[in-house]
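Q: Okay, structure incoming, though there's no sequence with it:
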Ligand SMILES: O=C(O)C(=O)C[C@]1(C(=O)O)C=C[C@@H](O)C=C1
């Protein structure tokens, strides 16, 4: 390196130091604004809601769209996600219950959505996540709802039938599965633990590489990692986070059969979100038991030009062979086309429950 290069490097580093000082001052100004917002919210209402999913989605969308580069837009949005998470923590320390144990994809989804300044609390079942939020012990909860290869998580759908909670957000997470073990060689693995959905998502890889090995389904991927860490001769299919947490090595990375394996999670809380401009609404419907009833449930959406993105049917849990429908539509319940469709639907359906309107996932 020549003397000229040294000066240039030193110059650039000086500029970086000065920019860091400016960034810090700006972040501190932003944090002071959040404190001021909190004061105004508290003065207006003792039960003030500090977390505002619609505002967060708008902020993150603006950052995503206006990023000038060279940083990738996803990267820039993630940085702002963390800044806003720290600002919200100054207003209120949020607790978020998730389907645990520590190291599950659901925890990764919770942190992706809320940032790292919230307190995440591990629950051992989907039902417990709902109960923790229903009782007010946690402010919000995160539960899995569907996977792009394995389909819907029926436990979560069924739990909404009896819950007063609303959906206030969604999170999409690309799922990468790794084979984790304390062993150093595939030949030493005699048993593989994982959640049944993950075993299914890696079926082809397991058939090709570990066809002779016993597959054992356990309650979560993180539980699989925890067990494998204590049992020589075993491996777990789980995330990188679980590998770190339970001290396992990665024997084989990205073993999922479908390269764009994605899981969608829902954020549940005491109320749904305000309109953000790009929203979704989830409905629970049941039809009167007569010919043409499904058509009657769907036609109000067509009449009001509202798009359906998903429809699932589940046994009603009240009467044998009667079904309820979970429907996702584009738009917020307060948007005029959706409000019009809902009004018409209430005249046609036995039951119309708006499970929540919430911003479409940004990250
Ligand atoms: O705008 C608000 O209501 C705020 O509280 C500020 C802020 C932010 O940091 O931008 C923080 C938390 C909310 O969830 C949304 C936005």
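A: Arrived safely. Since the structure is predicted, the reported quantities are computational estimates derived from the model, not experimental observations. Numbers count the residues shown, from 1 in each chain.

Q: Show me which helix runs longest in the protein.
A: Identified as the longest helix of the chain according to DSSP state H is helix 3-44.

Q: how is this protein carved up into domains?
A: 3-90, 94-175+262-268, 178-252, 273-359 (automatic domain parsing).

Q: how far away is the residue positioned nearest the centre of the chain from the ligand?
A: Centroid-nearest residue in the chain, with Cα atoms, centre = their mean: residue 171, separated by 3.0 Å. Look at residue 171 and the ligand: by Cβ to the nearest ligand atom, to the nearest Å, they are 15 Å apart. C-beta here means a position set from N, CA and C on the backbone, and glycine is covered the same way.

Q: ok, is the following helix or strand past the longest helix of the chain in contact with the ligand or not?
A: On the C-terminal side of helix 3-44, the nearest following helix or strand under DSSP states H and E is helix 53-66. Yes - with Cβ under 6 Å from any ligand atom as the criterion, the ligand is reached by helix 53-66 at 55, 56, 59.

Q: Could you verify my assumption that the last one touches residue 84?
A: Meaning residue 59. Yes - using Cβ atoms under 8 Å, residue 59 is in contact with residue 84, at 6.3 Å.

Q: overlap in contacts of those two?
A: Listed contacts common to residue 59 and residue 84 are nil; contacts here mean Cβ atoms under 8 Å, 6 or more residues apart in numbering.

Q: Give me the neighbour count for residue 45.
A: Here the number of neighbours of residue 45 (other Cβ atoms under 10 Å) works out to 9.

Q: cool, residue 50 as well?
A: Applying other Cβ under 10 Å, I find that residue 50 has 17 neighbouring residues.

Q: Residue 35 too?
A: 11.

Q: How about the contacts made by the closest residue to it other than its chain neighbours?
A: Nearest-residue entry for residue 35: residue 90, 5.6 Å, with adjacent residues in sequence omitted and distances by Cβ to Cβ, 6 or more residues apart in numbering. By Cβ under 8 Å, 6+ apart, the contact list for residue 90 reads 31, 34, 35, 38.

Q: of these, list those near the ligand.
A: residue 34.

Q: Closest to residue 68 out of the contacts of residue 90?
A: Distance to residue 68, by Cβ to Cβ, is smallest for residue 31 among the contacts of residue 90, at 23.6 Å.

Q: before we move on, back to that, by how many degrees do the longest helix of the chain and helix 53-66 diverge?
A: Using axes from the mean of the first three to the mean of the last three Cα atoms, to 10 degrees, the inter-axis angle of helix 3-44 relative to helix 53-66 is 160 degrees.
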